[in-house]
Structures are given as C-alpha cells and as structure tokens.
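*Asks:* below: sequence and its predicted model.
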Amino acid sequence: MRFWRRKKKSDEESEQQQEAAEAPAEEVAEAPVTTEVADLELTEEEVAEVQEQTQRATERTRRGWFSRLGGLFERADFGDELWDELEEILISADTGLETTELIVSTVRDRVRQDNIKRSDEVRELLREELVAVLEEPGHSVPRWAESDAPSPLVLIVVGVNGTGKTTSIAKMAHAFQRDGATVILGAADTFRAAAIDQLKLWGERVGARVVAHQHGADPGAVAFDSLSAAESAGGDIVIIDTAGRLHTKSNLMEELKKIYRVIQRKYPDAPHETLLVLDATTGQNGLSQARTFTEAVGITGIVLSKLDGTAKGGIAFSIAHQLQIPVRFIGTGERMDDLAPFDARQFVDALLS
Amino acid sequence: MFETLTDKLQGAFKKFGSRGVVKEEDLDQALREVRMAMLEADVNFKVVREFTSRVKERALGAEVLQSLTPAQQVIDIVREELVEILGGEQPQLATSAQPPTVIMVVGLQGSGKTTSIAKLANLLRREGNRPLLVACDVYRPAAVDQLVTLANQLDMPIHEEGTKSKPRDIAKNALEQAKKTNATHLLIDTAGRLHVDEDMMNEVADLRKMLHPSEVLFVADAMAGQDAVTAAKEFHDRVETTGLILTKMDGDARGGAALSIRSVTGVPVKFIGMGEKTDALELFHPERLAGRILGMGDMLTLIEKAKATMGEEDTDRLGDKLKRGTFDLQDFVDQLRSVRSMGPLGQLVQMLPGFNKIKMQLDVDEMDDSFFNQAEAIVLSMTPWERRHPDKIDGKRRKRIARGSGTSPQQVNQLLKQFFEAKKLAKSIGSGKFPAMPGMR
C-alpha cells in the first residue's frame, strides 16, 4: 500500500501551484478533487496488501468476538432475545450504548420492515450498517495522500499517555519514507523521561532525521525548529511527537495549543493533519478524549493502536458516529511495518468473515 | 453530559412516586439506569449482569427506611454491593520475612508501569524502606533510560544492564545487589506485553518462578474498556497477580475496569495513580471508586483531604457544630480558608457529586480563587454578631457589608443563600439521613 503519493515538485510545478493559489477560490477547491479520485484507485496488489494486513491484525478479534456474531443469526426466529444478544456483543466491543442502540435498532427495523427471514440477509444488513457508521465522516482523503499535498506537510500526533504515539509515529515515518518521502521527526515530547531518546532510536531505525532539544525544553520551539529543518533539508513531511496528556488537564491542553500557534507563525495553514492516537483497549473514555482534543486543536483523524490484542476498538464506531472523525491508520503490532491504512469495509469484512 | 445516576434514579422513581416497599416494576426501571451507568463506566457487561441481578434480589421487597426515598434506598444497596465487591478492608502490601521483598510490576503496553514503579518506590521510601529499582524492560526503545531518569530524579538506587542482557539475568544480578546493599524492596519493572503473546508471557511467568515475589502488581489503565478483563485474567492465570494498580485516575475515566477485574480475578485494587508526578500514588478506597463508577462524585476523597488539612480535631469540632446546627458564618470563613489550603479549587470541585453536570460550563483548571477572596471579604466585613446570626442580616446591614467588602448587596445575598444551603445540607448529613445531592430536585 502506498502511503505517500506526491511526486517531488519540479520548479515548474511549484510555479503553477502559486498561480493556482492566486486564482479564485472555487477553482482551487475543485482542483484537488480530481486528483484525489485518481489517487484513490488502488492497484489490485495494494488492495490485497491492505486486506492481508487488516486480516492479520484483526485475527484474534475475529476469533472470539465475531464468531459469536456469526453464530448469532443461525437461529430460526429474530425475536427480542436476538437483538438483546446483538446489543451485548456490540457493547462488549466498546461500541458504547448510544451507538450500539442506533445500530441494533436500524438493523432490527429493516429486518421487520422488509420481513427478512434469512440469516445471511440479516448479516449483510448488519455489515452494511457497521460500514455506514464508520463511513459517516465521509470519504475524504488525508492530506498526505493528495498528489498536491503542501510541502512540507505538517502532521501533529497527540493523545493521552500510553496510547502508543511514539511507536505509531515511527511506523508512519517508515511507511512514508518507503514511499519516497523525506520525513523529519520533531521530538516535542520534552516532558516524559526518555521520550526524546525513544524517538531518536526510532529515527535511527527508520532512517529519519530527528529534531530534538533538551528534556524539559519548550515543545513549541522544537516544533518550530523541525519546520526549519524540513525547509533547509527539503523534507516532505514533518511529524511532530507531543507529550501524552490527559485531555482533562486544561493547562496541558493550552500548552498543546501553543505548539499550534508557533507553527502557524511559520505556516498559517499548518498543521495539515492532527492525528489522535487512541488505544484500541480504551472504553467509553475514548469519546471524551476525541471530543476534548477536537475542541482544543481539531482532530482530523484517528490512529487506532494496539489492535493486535483481543480488544475490538469499537469506540471507533462511536467516534465516527458522534464526532464524524475518520480512522486513518490501524496499529497492528510492534514491528515497524505493522501499520495499515484504515478501510471501513475491509475492517468490518475482516471482522465478519 | 451524563446526569448523575442519582438524578436518573430519582427521575425513574418519580413516575411511580410513593414511599414504602420497593416494587418490582420500579426496581426494574431503576436497575436499567444502574446498568446504563455501569456500562458507561466501562464495567464489563457480564459483570454488570451479575451485579444487577444480585441487587435486585436484595432490594426486592426491602422495607424502605423512614428517612429514605425508594431511589435512595436502591442507590444505597447498589453502593453497598459495589463496595463489598471492591473489597471492604484497606489492602496492604505483603512483605517477605527475608528481605528484600520482591515486587514485580506487570501489564499491557502503555498502562503506566514504569511511572507506577517510581511512585511506588517513592512511597516505600517515605515509609522508611530502602527500595532498589530494577530495569527489566529491555524491549521498548529507551524504557531503561526512562527508569534511570526517574531514579535520578528521586535519587533512588537502580540496577540496570542496558538492553543487551536477558531480563532473567538482570533480575538475578539485582537480587544479589539488593542483598549486598541491604535493600528492603526490589521493584522489578517488566516490559509491557500483550496477554496473547505466548513468548512474552512465558518470559514473565519464568521471571515470577525464579524470583518468588511477595507481590505481582498488575497495572491497569482506568480508561480500559470491556476487554480489560481478558488481559487481566490471562495475566492472573499465568503469573498469579496479587494486586492491581489503577492508573490515570486523574482523568475523567470512571474506572469501571477495576470493578470488572476485581470481580473476575478476585485480585484487590491496591493503589490509584493520580498523575505524572512521582508522589501521585494513592491508597485505594473502595467507597470512592464505587461513587465514581456510579457517577456520584468523590465526596469521600474530599472529606479526607479536608481532614488532612484541618487535622482530626478541627474536623470533629466542625462535625459537632454541623450536627447541632450551630455552624455559623465565622466557621464558614474558617472553612473557606482551609479549603483554600487544600489545593487548587478546580481539583476540589471535580470531586463533588453532580459535577459532571456543570463540568462543561466550568473550566476547572482555570477556576481561580476569586470566589474565595470575595466570600472572605464579605464575611470579614460583618460584625462578629452578624457572623453568628446570619439570619438577622437585613437590607440595611447588607448594604453596609457590600460597601465594606467592595461587592454589591446582591453578591452578599448570594453568599448568604449559599451559606444557608450548605448548612441545610450539613444538617441532613449530620443527622444520619442520606445526603441530599446538590442539584437534585
């Protein structure tokens, strides 16, 4: 799977872009859409690769949880008991009460309305509904996958403590670099003991330059220097690691906002993406995290980490439904290439197969 | 925002009204609310199911006490049951007869093991022990550095061999060193691992067999969802965990996972992680977690904080006054002063029941002490007689007090109103009635 598509611009192209920027707004808005569509078409090989990765990641999940789902529709009648059981299965995946009730009632109503009797049809309805919920945020393409992505593209990674931010960043850097992008990592987690060392070690492994200051330094300054480094070294993507912070601590959220202000002094439209790393084992608090981080800095996507355990990451359904934030990546293990782009249909398929 | 469970139950019972015996249809309605509250708190659905059926059994037909409404009675039963599951008595750390006492800390990645180890070491040292830290996480990049940094911050001895040695050998050498240096406790930091990772689970099981630890503490994230029991059970089966550290409780997670883990594995919660600082580890109190899971706030922590700040004697004297209803404005201002010395107001407010409701309107960390300053100024502008007889403060006096404190008569009025409400609340607690929760109609 290609994570990075933009060809390095020749001078000519950048001139063209400048012209486009000066052109009326509608035209600018239209331009990327056409390129996006072209970009979205994956080769068969790529589809197979994502499928395989998703399958592998969700293998354990499938074994326990969805085998129950599979068995659920084998029964003769679709009475209250069945719906209660479906509700329980969804809740046990951390889907949350509200979203669970929505999914169950939608499927149940359709089954009753259309007088559906066959279990494979019910299953198909459920599958559709699950995909629909995940796709509620729409089909937008992440900025880094656009062929005319800004250069350097600035990506900030945020999250509460211990969700796997630094590891996810390393995997993303690896994937982007593999596809020919030059990645600069900004070690703006200057708080946690040895966080800088951890990112430096990863940087060495994936071959990405790491911009770092001392422990306890101003994270905004680190971010700023990372951008400067990208400018002078011709970096394509700057990924900024931030300290884990509980979303309830407003002083730490203010500190985060400050990083944004500093970055925007250099690039007013940056960061181009802000990813929230969410541990798949997280329960209903995940919604609170996503909501608060979005209010503070505007989350553009979720990285669902640690899906290689037995947790189902059902909170992603709630976040998609209630906050309209898409999942961008799933973390599927501890190796560098254990990161897959998220595809709702394949995710649900893998779970239901 | 979530309403508190109390509010919801009150609403559920209002339809049926009446005092007397708890009826089955009322109860079913109420238990649906309990179930929802617990699921929102991430208690495992199976645990919830067992729990509600047990409460139902106990509550059905129970005589409602004179002073309670049926809703309060049900909540009381729910709370009691919760506290019972979470463990009645204060859990202690086991020590070995032959020092050093070995404590292993295990868990999933990112649950907070390394930070918890540092906190635990700090706590043990404050109690007069000489702990030795051991860095056995040789897998996560820079995990050893993290523990070394924390050890340096705490000025605490540490045994580490970088990342080239095997955890088994590191632990063995650390044990030797502990004996040589007369360390009382050996705190082993292990790598975070998935409970389904066969090799890694074997490694930690092997470590346990070799070390014969007095405690194997499983670190669980308060934000963990339904799957928390799966991991906890697997760890318990493989390494026989003896206690639980529930981390990140300084956030807004309700921590229902702890209840699930406790009821599935029987392992008691021993400590609560309350922040990133090395002294942010607290002993576990079942009542508090019960209240939090039910969305009923953390009254008990608040009371305990008050006790620690005011000293037992003051608290008792105050309690007496509260009971007799002789609590006056002088006491009120004394109270305000001690509340102020208890810590940032925002942190205190979060412990109040019903807080969830107002949380969105209040930016708690931004809350400053201007409210205290104003209240204090108002009371200090009163004569001693007025402080003792707040009900005698008429319009003329109000005007004078407002002028003296640089406030308006409305603000004086508001403060008096708050005072009378606080007094009423205090009286109902003092007389043994179930406390009326603020915000309850």
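*Replies:* Sure thing, it's come through. Source: prediction; values computed, not measured.
*Asks:* which residue ranges form the strands in the stretch 151-300 of chain B?
*Replies:* Under the criterion DSSP state E, counting those that start in this stretch, strands of the stretch 151-300 of chain B are mapped to B:158-159, B:185-189, B:215-221, B:243-247, B:269-273, B:281-283.
*Asks:* typo on my end, the stretch 51-200 of chain A
*Replies:* Per DSSP E, counting those that start in this stretch, the stretch 51-200 of chain A carries strands over the ranges A:153-158, A:183-188.
*Asks:* what lines up beside the first one in the sheet?
*Replies:* Right, the one you point to is strand A:153-158. Strand A:153-158 has the following sheet partners, assigned by DSSP bridges: strand A:237-242 (parallel), strand A:273-279 (parallel).
*Asks:* how far out from the middle of the chain is the last one?
*Replies:* Spelled out, that is strand A:273-279. For strand A:273-279, the distance from its own C-alpha centre to the chain's C-alpha centre is 6 Å (C-alpha atoms, centre = their mean, to the nearest Å).
*Asks:* that one to strand B:215-221, inter-axis angle?
*Replies:* For strand A:273-279 against strand B:215-221, the angle between stretch directions is 140 degrees (axes from the mean of the first three to the mean of the last three C-alpha atoms, to 10 degrees).
*Asks:* what's the closest non-adjacent residue to residue B:205?
*Replies:* Counting by C-beta to C-beta, 6 or more residues apart in numbering or on different chains, residue B:238 is the residue found nearest to residue B:205 once chain neighbours are left out, at 5.0 Å. The way it works is simple: take the backbone N, C-alpha and C, and place the C-beta from them, glycine included.
*Asks:* shouldn't residue B:30 be within a helix?
*Replies:* Yes. Going by DSSP: H, G, I helix; E, B strand; the rest coil, the assignment for residue B:30 places it inside a helix.
*Asks:* about what we covered before: mind checking the strands of the stretch 51-200 of chain A for the one nearest to residue B:411?
*Replies:* Nearest of the strands of the stretch 51-200 of chain A to residue B:411, taken as C-beta to C-beta: strand A:153-158 at 40.7 Å.
*Asks:* gap between the closest one and the chain center?
*Replies:* The gap between the average C-alpha position of strand A:153-158 and the chain average comes to 12 Å, counting by C-alpha atoms, centre = their mean.
*Asks:* stretch A:304-317 now?
*Replies:* A distance of 12 Å separates the centroid of the chain from that of stretch A:304-317, by C-alpha atoms, centre = their mean.
*Asks:* for that stretch, C-alpha coordinates in PDB please.
*Replies:* Extracted as PDB, the C-alpha positions of stretch A:304-317 are listed here (Å, rounded to 0.1, in the frame of the first residue of the first chain):
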ATOM      1  CA  LEU A 304      -6.300   3.100  16.300                       C
ATOM      2  CA  SER A 305      -3.300   1.400  18.000                       C
ATOM      3  CA  LYS A 306      -2.800  -2.000  19.700                       C
ATOM      4  CA  LEU A 307      -5.400  -3.800  17.600                       C
ATOM      5  CA  ASP A 308      -3.200  -6.900  17.800                       C
ATOM      6  CA  GLY A 309      -4.600  -7.800  21.200                       C
ATOM      7  CA  THR A 310      -8.100  -9.000  21.900                       C
ATOM      8  CA  ALA A 311      -9.700  -5.600  22.200                       C
ATOM      9  CA  LYS A 312     -12.000  -4.600  19.400                       C
ATOM     10  CA  GLY A 313     -11.600  -0.900  19.200                       C
ATOM     11  CA  GLY A 314     -15.400  -0.500  19.000                       C
ATOM     12  CA  ILE A 315     -15.000   3.100  20.300                       C
ATOM     13  CA  ALA A 316     -14.100   4.000  16.700                       C
ATOM     14  CA  PHE A 317     -17.800   3.400  15.800                       C
END
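*Asks:* give the rounded mean pLDDT of it.
*Replies:* For stretch A:304-317, the per-residue pLDDT values average out at 90.
*Asks:* got it, and stretch B:382-396?
*Replies:* 88.
*Asks:* so what's residue A:198 up against?
*Replies:* Residues near residue A:198 by C-beta atoms under 8 Å, 6 or more residues apart in numbering or on different chains: A:166, B:140, B:141, B:142, B:143, B:145, B:146.
*Asks:* between those, which has the most around it?
*Replies:* Using other C-beta atoms under 10 Å in any protein chain shown as the neighbour criterion, residue A:166 leads the contacts of residue A:198 with 26 neighbours.
*Asks:* for the stretch 1-150 of chain A, which residue gets nearest to chain B?
*Replies:* When distances are taken as C-beta to the nearest C-beta, the stretch 1-150 of chain A reaches nearest to chain B at residue A:94, 3.8 Å away.
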